[in-house]
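In: structure, please.
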Amino acid sequence: MSTNKSSIIGATMMVTGCCIGAGMIGLPVLSALTGFVPSIVAMLFSYIFTTLTGLLLVEATLWFEGPVNLPSIVEHTLGKAGKIATILLFLFLFYCIFVAYLDAGGTMFAEMLSAFLHVSVSPVIGMMICVAFIAGIAYAGTAVADSANRYMLFAMVASYVILIGVALPNTMTSNLLYTNWKLMYGVVPILLISFGYQNLVPSITHYLKRNINAIRFAIIIGNLIPFFVYFLWEYVVLGMLPGGKANTNDDVQLVAQLLQGAAVSSLSVMFFIKSFSLFAMLTSFLASAVSFVDFLKDGFKKLHHNKLQNELLYYGLVFVPPAVFTLIHPKLFLHALGFAGGFIDVLLFGVLPASVILVGRHIRKTSGQTAAYQVVGGYATPAVILLLSVAMLVLKFL
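Out: Below is the predicted model of the structure:
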């Protein structure tokens, strides 16, 4: 079935937009511990891993004629227990990411207000303002959220481009020579979040009218663009940071504080790093909040007795639990992203797709059904993905 170029480009940008976000804020902080070259090797591994798992989900999605999503795909092969596990993992993934967003957002808003008002503003107040800002836009409706997201996305891209331009003269190649290969795996969990787009696969498959070549292009190229964006980001930040000088304490500093500690004196570099970090967090947070609300509306679609009460319930479930958890346990940005990427993302977008394909191919083979598309490598590809996923879970646990 033919698909126009505009749809293919749109789907590719959807994948790219889903990847680029708040994970970038913490990426250089963890990469500074292992060094530039090991972090790029980890980045290449994460790109290949997430691309293959996305293609496995494409294969599973094409087993169905109409629109379908991950819970139904899992139920078809792994039963109702698998479907329930998938939904719970989705909830945990959203909540972990939201805890990270609120922690980072609270700090950033507090810093902005402190500079504007010339008084010290608590991160708690900053977090409450961050929640009110995102929840208010999301509650206003899809049209308002889309408009606000476009402006913030433009600001994020502009900040990134200007940042690369003004920061390059401040980089030193010698800083990129530092390596600590033993700590390389520490950056993988946050990279899995940074390359995370797999939840879009069923929607993209339907949007591109099941055109296999178009879907593969959108995933492979859409996920490759963030690779180059992250490469430049790492090159610039780590090039300004003396090797091995990263803070290894539990409360790891964000990029701006990290570079301030490294005595980077350029005010323009610091300004654009902070502005880029802010807009990267806000665009990711807003998109995730809107999709989370829609997820809950679908889950509670039988509730129709009071629309206003339902809306408040949805938004309460989205924002209150992560806000309370962030208040009780502050400074969890990197820990929350690390847990989300190291455990939940590996289970949800590593173990599950591989298991679905291994079981599903066997079911279809015994029933005599032919596949519309099969990922290269036969049974070896999902088997290797499953083994790698288990290995990453064990490494993260240890």
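In: got the buried residues for the helix or strand that contains Ser39?
Out: Using DSSP states H and E, Ser39 sits in helix 36-61. Residues 36, 38-43, 45-47, 49-61 are the ones in helix 36-61 that count as buried (16 or more other C-beta atoms under 10 Å). C-beta coordinates here come from the backbone N, C-alpha and C atoms, glycine included.
In: and stretch 372-379, by the same measure?
Out: The neighbour-count check on stretch 372-379 (16+ other C-beta under 10 Å) flags 373, 375 as buried.
In: can I get it in PDB? Just the C-alpha atoms.
Out: In PDB, the C-alpha atoms belonging to stretch 372-379 read as follows (Å, rounded to 0.1, in the frame of the first residue of the first chain):
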ATOM      1  CA  ALA A 372       3.400 -10.000   6.700                       C
ATOM      2  CA  TYR A 373       6.900  -9.000   7.800                       C
ATOM      3  CA  GLN A 374       9.700 -10.700   9.800                       C
ATOM      4  CA  VAL A 375      12.700  -9.100  11.400                       C
ATOM      5  CA  VAL A 376      16.000 -10.200   9.800                       C
ATOM      6  CA  GLY A 377      17.900 -13.000  11.700                       C
ATOM      7  CA  GLY A 378      15.000 -15.500  12.200                       C
ATOM      8  CA  TYR A 379      14.700 -16.800  15.700                       C
END
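In: who's in contact with it?
Out: For stretch 372-379, contacts defined as C-beta atoms under 8 Å, 6 or more residues apart in numbering pick out 52, 55-56, 58-59, 62-63, 210, 212, 357-358, 361, 381-382, 384.
In: give me that answer again for 10 Å
Out: 52-64, 205, 210, 212-213, 215-216, 353, 357-358, 361-362, 381-385 (C-beta atoms under 10 Å, 6 or more residues apart in numbering).
In: likewise stretch 143-154?
Out: So stretch 143-154 is contacted by 17, 20, 133-134, 136-141, 278-287, 289-290, 293 (C-beta under 10 Å, 6+ apart).
In: 8 Å - rerun?
Out: 17, 137-138, 279, 282-283, 286-287, 290.
In: could I get those residues as TSV with pLDDT?
Out: As requested, the contacts of stretch 143-154 are arranged in TSV below (pLDDT from 0 to 100):
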residue	pLDDT
Gly17	81
Ile137	89
Ala138	86
Phe279	87
Leu282	87
Thr283	84
Leu286	85
Ala287	80
Val290	80
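In: what's the distance between Gly35 and Ala323?
Out: Between Gly35 and Ala323 the computed distance is 36 Å (C-beta to C-beta, to the nearest Å).
In: between those two, which one's more packed in?
Out: Neighbour count, other C-beta atoms under 10 Å: between Gly35 and Ala323, Gly35 has more, with 24 against 20.
In: where does the stretch 201-350 of the chain dip in pLDDT?
Out: 243-266, 298-310 (pLDDT under 70).
In: quick one: the helices in it?
Out: Under the criterion DSSP state H, counting those that start in this stretch, the stretch 201-350 of the chain contains helices at 201-207, 212-239, 255-261, 267-299, 307-328, 333-339, 346.
In: my guess is Ser389 contacts Gly350. True?
Out: Yes. Under the criterion of C-beta atoms under 8 Å, Ser389 makes contact with Gly350 at 3.4 Å.
In: now flag whichever of the contacts of stretch 143-154 is closest to Phe231.
Out: Gly17 (18.0 Å; C-beta to C-beta).
In: what about that closest one, which helix or strand?
Out: helix 5-19.
In: for the helices of the stretch 201-350 of the chain, give me JSON lines that also has distance to Val188.
Out: Listed next are the helices of the stretch 201-350 of the chain as JSON lines, based on distance: least, C-beta to C-beta, whole Å:
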{"stretch": "helix 201-207", "distance to Val188": "21"}
{"stretch": "helix 212-239", "distance to Val188": "13"}
{"stretch": "helix 255-261", "distance to Val188": "19"}
{"stretch": "helix 267-299", "distance to Val188": "19"}
{"stretch": "helix 307-328", "distance to Val188": "24"}
{"stretch": "helix 333-339", "distance to Val188": "10"}
{"stretch": "helix 346", "distance to Val188": "9"}
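In: which among those helices is found nearest to Ala110?
Out: helix 267-299 (11.9 Å).
In: tell me the angle of that closest one relative to helix 307-328?
Out: Angle, helix 267-299 to helix 307-328, by axes from the mean of the first three to the mean of the last three C-alpha atoms, to 10 degrees: 130 degrees.
In: next, the buried residues of helix 267-299.
Out: 269-270, 272-290, 292-293, 295-296.
In: quick one: distance of it to the chain centre.
Out: Relative to the chain's own centre, helix 267-299 is displaced by 10 Å; criterion: C-alpha atoms, centre = their mean, to the nearest Å.
In: just stretch 29-41 next, same as before
Out: 19 Å.
In: again with stretch 21-30
Out: Counting by C-alpha atoms, centre = their mean, stretch 21-30 comes out at 10 Å from the chain centroid.
In: so for that stretch, mean pLDDT?
Out: When pLDDT is averaged over stretch 21-30, the result is 81.
In: same question, stretch 384-398
Out: The model assigns stretch 384-398 a mean pLDDT of 91.
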